[in-house]
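S.K.: build the 3D model from these lines:
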Amino acid sequence: MHDVWHCSCTVGCCNTSCHRITITRMRYIFTPTIIFVSGSLAPKQAPAQPFTFKLLQHFFLVLFVSIYVAALPTNAFARDVLADNACPTNLVHYFGFDEEAGGPYLDYTTNTTAGCTNCPTPTPGLFGGAQNFNGNSRVDFEQTRHFQWGPNSSFTIEVWVRTTEVSGTNQVLIGRDAKDSQAHWWLGITPEGNATFVIRDRTGNTMSLGGENEGTINRKINDGNWHHLVVVRNGTTSTKERHTLNKLYVDGMAIYSLEHPFGSDYLSASPVNIGYLDLQTGYPYRGAIDELMVYDRILSEGEVRARYNNGAGSYCGPNNVSTAIVSEPVTHGVAEQNYFYDVNAVGSPAPTYKLLAAPQGMNINSSTGLITWKPTTVGSYTVTVQATNLVNASEQKFTIEVKQGNGEIAEIIHHWMLHEITGSRYRDYYTPHHAEASDIARPTPITGVVSGGQRFDGQDDGLDVLESPHFNWGADADFTIELWMRTTVTPSGNQVLMGRSAKDSPVQWWLGLNPGGEAVFVMFDWNRRGTAVTSTGKRINDGLWHQFVAVRSAGSNSSRLYIDGELAGQQTYQFEGGFASRSPVNLGYLNEASGYRYQGDLDEVKLFGRPLTAVEIKERYTNVYSAITELLSFEGSYAAGSVLLNWESFNEVDVADFEVQRSEDGEVFTSIGSVAAKGPSSDRLPYNYTDTSPLSGDIYYRLKINKTSGRFTFSNIILVRSGGFMASTFLLFPNPTKRGDVQVEVTKFQVEEEVSFVISDLAGKRISQEQVKTDFNGNLNFKVTITDHMRPGIYNLSVISKTKILSRKLVVVE
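M.R.: So this is what the prediction gives:
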């Protein structure tokens with residue numbers, strides 16, 4: 001329960017008044033039982049006792065524990081210099097598990113130790129050393145003062161684990177089963193490989209987080225990789241409600257949260273167990289443990305994410321730690337667009353970064369590891385990055401595939417054209433993060449504002465972008481979302497065009513319509529604080545295509561909403577939390593119980609990594625809207641080895657010509673011819689074009705409609721199925737090669753067609769270019785000489801015609 005600024009704009013209702021309210025977040029409700037819950041290790045029956053005797057028993061236990069704790073050495077709880085000052089505050093226990101022989105294991109905070117029987121064995125950890133538990137290893141910690149939690153205590157347990165074990169029972173990482181009461185708690189892994197936390201107070205009141213509980217975000221942690229587990233219990237001082245918020249995190253994101261009341265404490269003189277639980281079979285753990293830390297306060301959402309640090313952690317121990325790059329490289333790029341890759345590495349002292357091999361113009365920030373580049377040429381580019389500290393150096397080598405740009409302005413990140421006419425995948429032009437739909441959720445293809453679009457039925461249609469890091473905005477992020485929409489519906493509630501409702505945090509943002517038909521732009525960060533912008537008085541449910549643009553500018557702390565190139569509303573708000581989540585981004589709905597599903601048309605969804613200016617937004621609206629040309633029909637048919645295309649325009653104005661484009665995959669199109677416009681005219685004007693050399697199988701066609709003003713738009717895409725084999729082959733031999741001649745053979749281009757043959761290096765530098773002509777069969781067969789000025793390495797050889805671009809890599813060796 002906490003105070004937040006609320007702008008009266010949840011998905012269920014929306015206006016722009018902001019006020020402070022007190023909320024209690026209750027994502028999942030769980031009714032505990034006194035004896036046993038899913039996830040607990042075993043039933044533990046407590047004998048019935050008279051109420052007075054139970055009170056006396058509790059009194060003497062509290063007295064015993066108090067005397068026991070007071071008798072311990074005074075330095076047992078003093079923060080030791082072994083724990084670095086960079087560690088979070090209120091750190092009460094810290095086991096680095098860096099011992100190079102068997103236990104005992106030093107607590108860096110208190111300078112006391114945990115003993116062991118069948119001690120675990122040292123193993124390389126993510127942060128120096130770690131300990132490997134073999135299923136018989138047992139570690140016990142007798143210093144239990146900071147585990148004597150009351151019903152309203154706050155605490156956090158944090159640990160890194162790595163295991164491949166598939167066990168038939170639960171495995172305990174850390175826990176305690178009291179021998180003097182029913183108190184019982186443990187953090188561990190279920191037989192299914194999911195993280196879980198179970199806690200039961202002295203009266204038997206039990207709570208279970210994660211595991212196989214309904215609502216858990218499943219993230220398997222027995223895959224052999226290092227995983228970061230954090231359990232947080234946020235106590236309250238309220239004597240009336242005694243409700244507390246509990247969260248279980250895996251790799252920086254909450255997989256389960258629950259508010260649950262406890263009426264009693266967890267006091268016990270029993271030791272804390274690590275790698276097992278002192279109960280029945282022991283529920284032993286098999287795997288590695290590193291960096292076990294306990295706090296007598298909660299870590300905030302932001303602190304948990306910072307501790308995980310995208311897999312690089314946030315080491316604050318006393319030792320020097322080897323560096324290792326843990327981030328996944330970004331392996332895709334687009335010509336003339338900015339490329340970014342934030343390299344993350346573990347290590348203490350903090351590593352520095354440099355590029356050992358990189359294409360021309362690529363740079364790296366030596367302190368942060370951020371790689372920046374603007375590729376200019378299509379091709380494959382090899383990169384090697386190195387992270388170095390006083391201990392060692394770590395390298396990562398990867399290849400970036402750069403594709404051709406499509407003329408967009410700077411810093412575009414995503415572009416879902418939504419022009420697909422088949423299948424359940426909706427491609428993003430710039431990244432591999434495509435939108436997906438189940439069979440039942442697929443929208444209907446239509447003619448869009450640019451090429452094709454999608455019609456959502458308001459019932460069950462919706463798309464999901466499952467994994468894109470580009471929506472994990474920080475509090476200081478700059479971005480712009482642009483889309484085009486059309487609807488005539490007057491909704492009874494809000495309808496969402498695009499958004500995300502996180503299941504691993506309170507994050508929620510969305511773009512949509514309110515019941516008044518006005519545009520809405522909502523953002524709530526992981527603190528559940530935020531703002532809402534509404535296009536007051538500007539209705540967009542009039543049946544016309546509308547440009548909808550949401551802009552966030554951190555420099556001015558402003559959220560702005562533009563409709564059809566004009567500013568329609570804005571709010572100023574400074575966020576304190578970020579928006580990162582593993583939950584998918586939704587198109588046409590929001591992943592909540594009611595769905596808030598959109599009924600209408602959607603097209604041209606784009607994300608930019610900067611705030612577009614008002615001038616840019618207006619220009620983009622004008623360019624698209626003024627280029628709209630109405631086609632009454634566009635059809636194609638296959639006959640006698642050719643494809644005949646027919647289309648008909650209506651009210652044709654300012655059209656110069658129709659450029660016929662063809663594609664093998666519905667994504668990359670090439671022009672194969674053009675037809676001059678017959679207008680201007682207010683009548684129906686018929687056109688046709690014959691593709692005399694169609695591709696085989698499924699062929700996609702569209703029209704690029706060029707205006708006399710220089711603007712252009714695209715028709716919808718049609719699919720024609722043809723026969724015959726027209727796929728080209730491109731052979732190089734010998735490959736790899738030394739100096740001398742390389743044979744080049746290319747098949748199935750146009751007959752006697754002029755094509756360009758280009759050799760370039762991986763940095764995009766053009767080595768040579770010549771014009772060659774195909775023979776009467778449409779084939780090329782010639783030799784290229786590898787001279788001494790071509791150093792050993794990898795080169796791109798490309799054949800470029802008006803209808804095709806083929807590329808192959810040639811390896812030159814000593």
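S.K.: distance of Q280 from R560?
M.R.: 61 Å (Cβ to Cβ, to the nearest Å). The way it works is simple: take the backbone N, C-alpha and C, and place the C-beta from them, glycine included.
S.K.: show me which of those two is the more surrounded one.
M.R.: Neighbours per residue, other Cβ atoms under 10 Å: of Q280 and R560, the larger number sits with R560, 23 against 11.
S.K.: let's verify the more buried one: helix, strand, or coil?
M.R.: Using DSSP: H, G, I helix; E, B strand; the rest coil, the structure places R560 in strand.
S.K.: burial check on V813, number of neighbours?
M.R.: V813: 9 neighbours (other Cβ under 10 Å).
S.K.: check contacts around the nearest residue to it once chain neighbours are set aside.
M.R.: Spatial nearest neighbour of V813, excluding adjacent residues (Cβ to Cβ, 6 or more residues apart in numbering): P736 at 4.9 Å. Contact analysis of P736 by Cβ atoms under 8 Å, 6 or more residues apart in numbering lists L810, V811, V812, V813.
S.K.: reformat those residues as TSV; add secondary structure and distance to N90.
M.R.: Output for the contacts of P736, formatted as TSV (DSSP: H, G, I helix; E, B strand; the rest coil; distance: Cβ to Cβ, whole Å):
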residue	secondary structure	distance to N90
L810	strand	61
V811	strand	57
V812	strand	60
V813	coil	60
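S.K.: sorry, back to before: for the residue nearest to V813, report the pLDDT, please.
M.R.: Here, the pLDDT recorded for P736 equals 81.
S.K.: so what sits opposite the residue nearest to F782 when sequence neighbours are not counted in the bridge?
M.R.: Spatial nearest neighbour of F782, chain neighbours left out: V744 (5.6 Å); criterion: Cβ to Cβ, 6+ apart. In this entry, V744 is beta-bridged to L732, F782, by DSSP bridges.
S.K.: give the contact list for G282.
M.R.: R138, V172, Y276.
S.K.: filter the residues you listed down to the ones in strands?
M.R.: If you go by DSSP state E, the contacts of G282 have R138, V172 in strands.
S.K.: which of the contacts of G282 sits closest to I540?
M.R.: Set against I540, the nearest of the contacts of G282 by Cβ to Cβ is V172 (55.7 Å).
S.K.: neighbours of that closest one, how many?
M.R.: 26.
S.K.: can you check N514 too?
M.R.: 19.
S.K.: shouldn't it be in contact with T534?
M.R.: Yes. If you go by Cβ atoms under 8 Å, N514 and T534 touch, sitting 6.8 Å apart.
S.K.: next one: phi and psi at F147?
M.R.: phi -110, psi 10 (degrees, to the nearest 10).
S.K.: and it, how close does it get to P104?
M.R.: On the measure of Cβ to Cβ, F147 and P104 end up 18 Å apart.
S.K.: domain ranges for this structure, per the record?
M.R.: Domain assignment for the chain by automatic domain parsing gives 88-311, 323-403, 412-626, 631-722, 730-812.
S.K.: of those domains, which is nearest G317?
M.R.: That would be domain 88-311 among those, by Cβ to Cβ, at 4.7 Å.
S.K.: circling back: now the domains of the chain as JSON lines including distance to G317?
M.R.: Shown next, in JSON lines, are those (distance: least, Cβ to Cβ, whole Å):
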{"stretch": "domain 88-311", "distance to G317": "5"}
{"stretch": "domain 323-403", "distance to G317": "7"}
{"stretch": "domain 412-626", "distance to G317": "26"}
{"stretch": "domain 631-722", "distance to G317": "49"}
{"stretch": "domain 730-812", "distance to G317": "41"}
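S.K.: weakest of the ones you listed by average pLDDT?
M.R.: domain 730-812 (a mean of 80).
S.K.: surely K606 touches E411?
M.R.: No. Here K606 does not reach E411: they are 10.9 Å apart, not a contact under Cβ under 8 Å.
S.K.: helices along the stretch 601-750 of the chain, start to end?
M.R.: Using DSSP state H, counting those that start in this stretch, the helices of the stretch 601-750 of the chain run over residues 614-626.
S.K.: where along it do the strands fall?
M.R.: Taking DSSP state E, counting those that start in this stretch, the strands of the stretch 601-750 of the chain run over residues 631-639, 642-652, 655-663, 670-676, 681-691, 697-707, 712-714, 718-722, 730-733, 740-746.
S.K.: can you redo those as JSON lines with mean neighbour count?
M.R.: Rendered in JSON lines, the data for those read as follows (neighbours: other Cβ atoms under 10 Å):
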{"stretch": "strand 631-639", "mean neighbour count": "14"}
{"stretch": "strand 642-652", "mean neighbour count": "18"}
{"stretch": "strand 655-663", "mean neighbour count": "20"}
{"stretch": "strand 670-676", "mean neighbour count": "14"}
{"stretch": "strand 681-691", "mean neighbour count": "14"}
{"stretch": "strand 697-707", "mean neighbour count": "20"}
{"stretch": "strand 712-714", "mean neighbour count": "20"}
{"stretch": "strand 718-722", "mean neighbour count": "16"}
{"stretch": "strand 730-733", "mean neighbour count": "14"}
{"stretch": "strand 740-746", "mean neighbour count": "16"}
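S.K.: need those in CSV (columns: distance to E301).
M.R.: Shown next, in CSV, are the strands of the stretch 601-750 of the chain (distance: least, Cβ to Cβ, whole Å):
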stretch, distance to E301
strand 631-639, 51
strand 642-652, 54
strand 655-663, 45
strand 670-676, 48
strand 681-691, 57
strand 697-707, 45
strand 712-714, 43
strand 718-722, 47
strand 730-733, 52
strand 740-746, 56
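S.K.: for F127, which of those is the nearest?
M.R.: Closest among the strands of the stretch 601-750 of the chain, once you apply Cβ to Cβ, is strand 730-733, at 47.4 Å.
S.K.: list the contacts for the residue nearest to P432 when sequence neighbours are not counted?
M.R.: Among residues not flanking P432 along the chain, H332 sits closest, at 6.2 Å (Cβ to Cβ, 6+ apart). H332 makes contact with I400, E401, V402, K403, Y430, T431, P432, according to Cβ under 8 Å, 6+ apart.
S.K.: now do the helix or strand E770 falls within: which elements does it pack against?
M.R.: Using DSSP states H and E, E770 sits in strand 766-773. Applying 3 or more Cβ pairs under 8 Å, 6 or more residues apart in numbering; DSSP states H and E, one finds that strand 766-773 contacts strand 754-761.
S.K.: same thing but at 10 Å, please
M.R.: strand 754-761, strand 780-786, strand 793-800 (3 or more Cβ pairs under 10 Å, 6 or more residues apart in numbering; DSSP states H and E).
S.K.: now do the strands in the stretch 451-600 of the chain.
M.R.: Counting by DSSP E, counting those that start in this stretch, the strands of the stretch 451-600 of the chain are 452-457, 463-465, 479-486, 495-501, 508-513, 518-524, 530-539, 546-553, 558-563, 566-572, 585-587, 599-608.
S.K.: on that earlier part again, for the residue nearest to F782, which residues are in contact?
M.R.: Residues near V744 by Cβ atoms under 10 Å, 6 or more residues apart in numbering: 730-733, 757, 772, 780-784, 797, 799, 808, 810.
S.K.: just the buried members of those?
M.R.: Burial by neighbour count, 16 or more other Cβ atoms under 10 Å: within the contacts of V744 this picks out F730, L732, F757, L780, V784, L797, V799, L810.
S.K.: just put those residues in JSON lines and tack on distance to S649.
M.R.: Shown next, in JSON lines, are these (distance: Cβ to Cβ, whole Å):
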{"residue": "F730", "distance to S649": "39"}
{"residue": "L732", "distance to S649": "46"}
{"residue": "F757", "distance to S649": "39"}
{"residue": "L780", "distance to S649": "39"}
{"residue": "V784", "distance to S649": "46"}
{"residue": "L797", "distance to S649": "42"}
{"residue": "V799", "distance to S649": "36"}
{"residue": "L810", "distance to S649": "47"}
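S.K.: just the closest of these to T121, please.
M.R.: T121 lies nearest to L810 out of these, by Cβ to Cβ, at 49.8 Å.
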